[in-house]
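In: quick check, what structure comes out for this input:
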Amino acid sequence: MGSDAHVIVVGGPAGLADRARQRIDDLEGRWSRFLPDSETSELTRRTGEWVRLSPDTVLLVERALEAWRLTVGRFDPTVLGAVIRAGYDRSFEALDPSRAGGSPLTVGAAGIEVDGDRVRLPSGVGFDPGGIGKGLAADLVVAETLAAGAAGACVNLGGDLRVAGRPPEGPSSGSSPGETAWTVAVDHPGAPQPLALLGLRDGAVATSTTLRRRWTAQGQERHHLIDPWTGAPSTTDLTLAAVVTVDAWVAEVLAKAVLLRGSAQAFDLVAGLGADALTVDRGGAVRATPGLAAFLGGRPLPVSLSALRLPEG
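Out: Below you'll find the predicted structure:
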């Protein structure tokens, strides 16, 4: 999925961590747009036709459509053409900035049809699950690992993280007295130490930023975060957004939606969705929803990146 994968399994039968890794590889094989034989690549290749898919991929399409509705179009699984035209036409490590991207694919999430195990894209529309695939994969693998007998599990796929069950150690700094929680660090590429340490018992965190996966094409600096409303790399004044909620696929799409909305309206969308968020703007100011304090274990957030100091020693 173009990202590092980290898996932690607590207790349970031997081999569960290996099974989790194999499951992640399996989902990548079905969902990656960079693999020509993946099911999502076949969907785009056969645009306008009914395509029979595995239950996992049908679920991915259904979640992607739900996310499109949930974010009022700020997440759109059909921006593949815009992503390619921005120059992101292959996995990031193989990206050639000198190449000019070109694609005739248009946007059209509203026209995607699902019928049992079949999906049809509108003619001329491509499908790119983007980060929601990482979030959904983390949710599925954690649930399956616990069902197989693990006492606790954590899956982190490129910043989309899901935890549940017992953590490997005792109470975390972000948990209430007498409770055990996983400690999740929220990092910023420009900060010398984490912005926050969140205590989660059962939930998800996803982080989206414009500061990674950047390149220069045709003399212009670009990044991978496409704004579906414009079809171009976003010009948001936020450099990072992190969202805490129950499911990783929801956290992922909300993190992107918060980032795209910019600082003036950053938290409007998450307010009624049972989620909390943290943002950093171009000036380094750090802001958060009031509810995020419940995950901080009494520790205040820094007001800005400049308030963070290098670790001593």
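In: residues contacting Gly133?
Out: Residues near Gly133 by Cβ atoms under 8 Å, 6 or more residues apart in numbering: 1, 27, 31-32, 60. Yep, even glycine has a C-beta here, placed from its N, CA and C like the rest.
In: same question for Leu70.
Out: Leu70 is in contact with 250, 253-254, 273, counting by Cβ under 8 Å, 6+ apart.
In: same question for Leu211.
Out: Residues in contact with Leu211 (Cβ under 8 Å, 6+ apart) are 188-190, 223, 239-240.
In: quick one, strands of the stretch 51-200 of the chain?
Out: Under the criterion DSSP state E, counting those that start in this stretch, the stretch 51-200 of the chain contains strands at 113-115, 118-120, 152-157, 160-165, 182-186, 196-200.
In: list the strands paired with the last one, with their directions.
Out: Strands adjacent to strand 196-200 in the sheet, as given by DSSP bridges, are strand 182-186 (antiparallel).
In: look up how far Val155 lies from the spatially most central residue of the chain.
Out: Using Cα atoms, centre = their mean, the residue of the chain that lies closest to the mean C-alpha position is Glu252, 3.5 Å off. Glu252 is 13 Å from Val155, where distance means Cβ to Cβ, to the nearest Å.
In: hmm, back to that, most neighbours among the contacts of Leu211, which one?
Out: Leu240 (26 neighbours; other Cβ atoms under 10 Å).
In: could you export the helix or strand in which that one is found as PDB, CA atoms only?
Out: Secondary structure assigned from DSSP states H and E places Leu240 in strand 238-245. The C-alpha coordinates for strand 238-245 follow below in PDB (Å, rounded to 0.1, in the frame of the first residue of the first chain):
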ATOM      1  CA  LEU A 238      -3.000  23.300   7.200                       C
ATOM      2  CA  THR A 239       0.000  21.100   7.000                       C
ATOM      3  CA  LEU A 240      -1.300  18.300   9.200                       C
ATOM      4  CA  ALA A 241      -4.500  16.900  10.600                       C
ATOM      5  CA  ALA A 242      -5.000  14.000  12.900                       C
ATOM      6  CA  VAL A 243      -8.400  12.400  13.800                       C
ATOM      7  CA  VAL A 244      -9.400  10.100  16.600                       C
ATOM      8  CA  THR A 245     -12.500   7.900  16.200                       C
END
